[in-house]
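Quick one, what's the 3D model for this:
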Amino acid sequence: MKLDENVWRSFQISKVFRENTNKINALDYSSSGELLITSSDDDSIVIYDCEEGKSTRTLLSRKYGVSLIRYTHAQNTVLHASTKLDDTIRYLSLHDNKYLRYFKGHQQRVVSLCMSPIDDTFISGAMDRSIRLWDLRSPNCAGLMHVNGRPVAAF
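Numbering: from 1, shown residues only. Sure thing, here's the model as predicted:
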């Protein structure tokens, strides 16, 4: 099917989810494509089953806030940036809603977060004009680059 203007105009909203009370600031699909996860300005993390078309779980991060949620290679763990207290990146187990590791180093808000498609490394960029390379197995930054302007980081 060719996606031309007429096809786009024929699309309709089929379902509205109302789990969030504020805007969704990020979303990511699991590697299998079966799950969708969202982070919201209301400090919630919502997991959706894409095959069933319904939300399956809501987690709250009231203390730290949540933004830029990203699945790791495991379907039961995610990374997210903090929006309160500090600019730490947090590694969260969805199984028991416990933090596995904290990645400290950015001095201002994290605006870019991306998991490597091939291993357990990830890259982050923040308004402190730094891009950092991390490994999920270590809380220490593995690489640091300073940039001019707002950083965008991707693999």
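
Only C-alpha atoms from now on, for both contacts and neighbour counts.
OK.

helices or strands next to the strand or helix carrying L36 in the packing?
Per DSSP states H and E, L36 falls inside strand 35-40. Applying 3 or more C-alpha pairs under 8 Å, 6 or more residues apart in numbering; DSSP states H and E, we find strand 35-40 packed against strand 24-29, strand 44-49, strand 67-71.

switch to 10 Å and redo it
Counting contacts by 3 or more C-alpha pairs under 10 Å, 6 or more residues apart in numbering; DSSP states H and E, strand 35-40 packs against strand 24-29, strand 44-49, strand 54-60, strand 67-71, strand 77-81.

For those, give me a markdown table that also has distance to D87, mean neighbour count and mean pLDDT.
Shown next, in a markdown table, are these (distance: least, C-alpha to C-alpha, whole Å; neighbours: other C-alpha atoms under 10 Å; pLDDT from 0 to 100):
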| stretch | distance to D87 | mean neighbour count | mean pLDDT |
| --- | --- | --- | --- |
| strand 24-29 | 16 | 17 | 96 |
| strand 44-49 | 17 | 20 | 96 |
| strand 54-60 | 18 | 14 | 94 |
| strand 67-71 | 11 | 25 | 97 |
| strand 77-81 | 7 | 24 | 97 |
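
how about JSON lines for those, with distance to I118 added?
Below are the helices and strands packed on strand 35-40 laid out as JSON lines (distance: least, C-alpha to C-alpha, whole Å):
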{"stretch": "strand 24-29", "distance to I118": "16"}
{"stretch": "strand 44-49", "distance to I118": "24"}
{"stretch": "strand 54-60", "distance to I118": "28"}
{"stretch": "strand 67-71", "distance to I118": "13"}
{"stretch": "strand 77-81", "distance to I118": "16"}
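
To L35, which of these lies closest?
strand 44-49 (4.9 Å; C-alpha to C-alpha).

Contacts made by the strand ranked longest in the chain with the rest, please.
Ranked by number of residues, the top strand in the chain under DSSP state E is strand 138-146. Contact partners of strand 138-146, identified using C-alpha atoms under 10 Å, 6 or more residues apart in numbering, comprise 89-91, 101-106, 121-125, 128-135, 151.

sorry, back to before: of all the helices and strands packed on strand 35-40, which lies closest to S116?
strand 67-71 (10.6 Å).

Output the contacting helices and strands for the closest one.
Against strand 67-71 (3+ C-alpha pairs under 10 Å, 6+ apart) you get strand 24-29, strand 35-40, strand 44-49, strand 77-81, strand 89-93, strand 110-115.
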